[in-house]
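**Q** turn this into a model:
(4 chains)
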Protein chains: 2
Amino acid sequence: MVSQNVPQATAERLPLYYRTLQSLVAVGKTRISSSEFGDLVQIDSTTIRKDFSYFGALGRKGYGYDTQYLMDFLRKTLYQDELSKVVLIGVGHLGTALLNHNFQKNNNTKIVKAYDIDPSLIGTEVSGTEVHAMDTLATDDNSDITAAILTVPAAHAQKAAEMALASGIHGFLNFSPTTLSLPATAYVRHVDMTVELQALIYFLNHSMEERNSQ
Amino acid sequence: MVSQNVPQATAERLPLYYRTLQSLVAVGKTRISSSEFGDLVQIDSTTIRKDFSYFGALGRKGYGYDTQYLMDFLRKTLYQDELSKVVLIGVGHLGTALLNHNFQKNNNTKIVKAYDIDPSLIGTEVSGTEVHAMDTLATDDNSDITAAILTVPAAHAQKAAEMALASGIHGFLNFSPTTLSLPATAYVRHVDMTVELQALIYFLNHSMEERNSQ
DNA sequence: AAATGATTGTGAAATGAGTAACAAAAATAA
DNA sequence: TTATTTTTGTTACTCATTTCACAATCATTT
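**A** Got it, this is the predicted structure:
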């Protein structure tokens, strides 16, 4: 097995690589060099070669990388070809947007159900996803669920996360502007759009010269 | 003037500090030590002291930090006490969610108008924000606008960004799963929820031991 | 088949970020 | 007032990440 000495920074770039390769394959591009790929994703070509090198020799010298092969390899690495099931908690505007966005298109990831407290939503389908009652969350068996997407108001985020954890979910993608405090068995990623916007404005105000995001 | 030798990593944490301080002030807490603050935001206290130290001596030894003073200082640093005007491009589900979320509550940031192509939306208000026709974007004078939030489908993101740039906007918060290629005068931050979720799942699959996100 | 050019993979160097340790200073207690 | 405790600001260190530089290798051209 590969893994485990792959740096965090590299691991975080893999999804971007994967998504970009999908586009390349889709438009019929069969090979690409690290520098061309780097221009595309706006990451230095050396960084790209080094990232790939953690998984062995994926390219061919003097040729570049086979897009299809590399894409397949990354898919296996990222998802081990299994479908990852995800639940969404909080079918508000943001939650609905995510249900529509619908992850399963490109990835091996699917939102299999949603939870909400609103009685008028419970039992209905939103973008093809069934909405369950929040009450049932803590007692449901969600041990086959990889992660929960939290799109509830800040005030309810902590409680919702605890209920999800009780149901057997250990991964969280938290969109609420709150810090969750959960036991070490949980793994949380925080996406705060307010923070993102503020950071953007800070960089603009302090006119970071040639700095490139992401 | 301060700035310019503030590390990127520090700058990215400032909005989080600011938001947390707002909560503290709101509940009447007048002073806080770096370690208590660190527990709150889940960042090492040394990192916090070091972050603040880039802006001079903001605390008092043996006492800690004055929450109100620190909050005011950060507000000035982040926004220089000016209201930052922002536009939103693409009033779909995600765009609507952001309009509702409404940034102006806590920050000196306001979405002043939105753009969309849908004739049934143009001229209406969504969550109190007027929707303008996409056609008018490129020719509008938006030189007083700090940033554009891009929530259009991937296929339209590049064109929309170019039009916004033409109207005088230089900062972009891009929610579309596409890499924008814009001149160096533009500054782009990319928020890709697909990537975030994929990264989360990767870390879960490769069970990163005690790692903490954010 | 040989020569040329392209491009990878990688060790070494440089940069950047996070952590530990502690002196200096202020607050608080005696 | 004096002693003790708290807590900052900062220097030095460690660890992680990025960039550089280039040999090795393969593709392509002649």
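
**Q** residue ranges with poor pLDDT in chain A?
**A** For chain A, residues meeting the criterion pLDDT under 70 lie at A:1-4, A:80-81, A:102-107, A:207-214.

**Q** strands of that one, start to end?
**A** With DSSP state E, the ranges of strands along chain A come out as A:31-32, A:65-66, A:84-89, A:109-116, A:125-126, A:129-133, A:147-150, A:171-174, A:187-190.

**Q** what pairs with the fifth one, and is each one parallel or antiparallel?
**A** If I follow you right, that is strand A:125-126. strand A:129-133 (antiparallel) (DSSP bridges).

**Q** quick one on the thing from earlier: to DNA strand D, which of the strands of chain A lies closest?
**A** Among those, strand A:31-32 comes nearest to DNA strand D, with 8.2 Å by CB to the nearest atom of the strand. (Glycine included, C-beta is placed from N, CA and C.)

**Q** how about that closest one and chain B, touching?
**A** No - judged by CB under 8 Å from any CB of the partner chain, strand A:31-32 makes no contact with chain B; its nearest approach is 14.2 Å.

**Q** list of residues touching that strand?
**A** The contact list for strand A:31-32, computed with CB atoms under 8 Å, 6 or more residues apart in numbering or on different chains, reads A:24, A:63, A:64, A:65, A:66, A:67.

**Q** how does it look with 6 Å?
**A** With CB atoms under 6 Å, 6 or more residues apart in numbering or on different chains as the test, strand A:31-32 has contacts from A:64, A:65, A:66, A:67.

**Q** go on, stretch A:17-27?
**A** Contact with stretch A:17-27 is made by A:40, A:41, A:67, A:68, A:70, A:71, A:74, A:106, as judged by CB under 6 Å, 6+ apart.

**Q** burial measure for the fifth one, as a count.
**A** Which is residue A:70. Residues within reach of residue A:70, counting by other CB atoms under 10 Å in any protein chain shown, total 23.

**Q** residues contacting it?
**A** Applying CB under 6 Å, 6+ apart to residue A:70 gives the contacts A:21, A:58.

**Q** make it 10 Å
**A** Applying CB atoms under 10 Å, 6 or more residues apart in numbering or on different chains to residue A:70 gives the contacts A:17-18, A:21, A:24-25, A:31-32, A:37, A:52, A:55, A:58-59, A:64.

**Q** nearest to residue B:204 among the residues you listed?
**A** Closest approach to residue B:204 among the contacts of residue A:70 (CB to CB): residue A:18, at 16.2 Å.

**Q** thinking again about what came up before, which of the contacts of strand A:31-32 tops the neighbour count?
**A** residue A:65 (24 neighbours).

**Q** need the nearest residue in space to that one, chain neighbours excluded.
**A** Nearest residue to residue A:65, sequence neighbours excluded (CB to CB, 6 or more residues apart in numbering or on different chains): residue A:59, at 4.4 Å.

**Q** could you dump the contacts of stretch A:17-27 to TSV with distance to residue A:140?
**A** Supplementary listing: the contacts of stretch A:17-27 in TSV, determined by distance: CB to CB, whole Å:
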residue	distance to residue A:140
A:40	42
A:41	39
A:67	41
A:68	39
A:70	38
A:71	35
A:74	32
A:106	28
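
**Q** can you report phi and psi for the closest residue to DNA strand D within chain A?
**A** Residue nearest to DNA strand D within chain A: residue A:62 (2.2 Å; CB to the nearest atom of the strand). Phi and psi for residue A:62, reported as degrees, to the nearest 10, are phi 80, psi 0.

**Q** state the distance from it to residue B:8.
**A** Separation of residue A:62 from residue B:8 (CB to CB, to the nearest Å): 36 Å.

**Q** so for those two, which residue has more residues nearby?
**A** Comparing residue A:62 with residue B:8 by other CB under 10 Å, the one with more neighbours is residue B:8, at 12 against 6.

**Q** you'd agree the more buried one is up against residue B:54?
**A** No - taking contacts as CB atoms under 10 Å, residue B:8 lies outside contact range of residue B:54: 11.6 Å.

**Q** enumerate the residues of chain A near DNA strand D.
**A** A:7-10, A:43-44, A:46-47, A:50, A:60-63 (CB under 7 Å from any atom of the strand).

**Q** if you set the cut-off to 10 Å instead, what comes out?
**A** Proximity of chain A to DNA strand D (CB under 10 Å from any atom of the strand) is limited to residues A:5-13, A:31, A:34, A:38, A:43-51, A:53-54, A:57, A:59-64, A:212.

**Q** wait, isn't residue A:180 in contact with residue A:162?
**A** Yes - with contacts counted by CB under 10 Å, residue A:180 reaches residue A:162, the gap being 8.8 Å.

**Q** any residues in contact with both of the two?
**A** Common neighbours of residue A:180 and residue A:162 (criterion: CB under 10 Å, 6+ apart): residue A:186.

**Q** neighbour count winner among the two?
**A** Neighbour comparison, residue A:180 and residue A:162: the larger count goes to residue A:180, with 20 against 17 (by other CB under 10 Å).

**Q** need the helices for chain A, in chain order.
**A** Listed in chain order, the helices found in chain A under DSSP state H are A:8-26, A:34-41, A:45-53, A:67-79, A:93-101, A:154-166, A:193-205.

**Q** and the gap between residue A:19 and residue B:175?
**A** According to CB to CB, residue A:19 stands 14 Å off from residue B:175.

**Q** and those two? which has more neighbours close in?
**A** Using other CB under 10 Å as the criterion, residue A:19 and residue B:175 rank with residue B:175 on top: 28 against 21.

**Q** quick check: closest non-adjacent residue to that one.
**A** residue B:151 (4.9 Å).

**Q** highest mean neighbour count out of the strands of chain A?
**A** Counting by mean count of other CB atoms under 10 Å in any protein chain shown, strand A:147-150 has the highest mean neighbour count of these, with a mean of 27.

**Q** how much space between the residue lying farthest from the centre of chain A and residue A:69?
**A** Ranked by distance from the centre of chain A (CA atoms, centre = their mean), the top residue is residue A:62, with 33.4 Å. Here residue A:62 is placed at a distance of 16 Å from residue A:69 (CB to CB).
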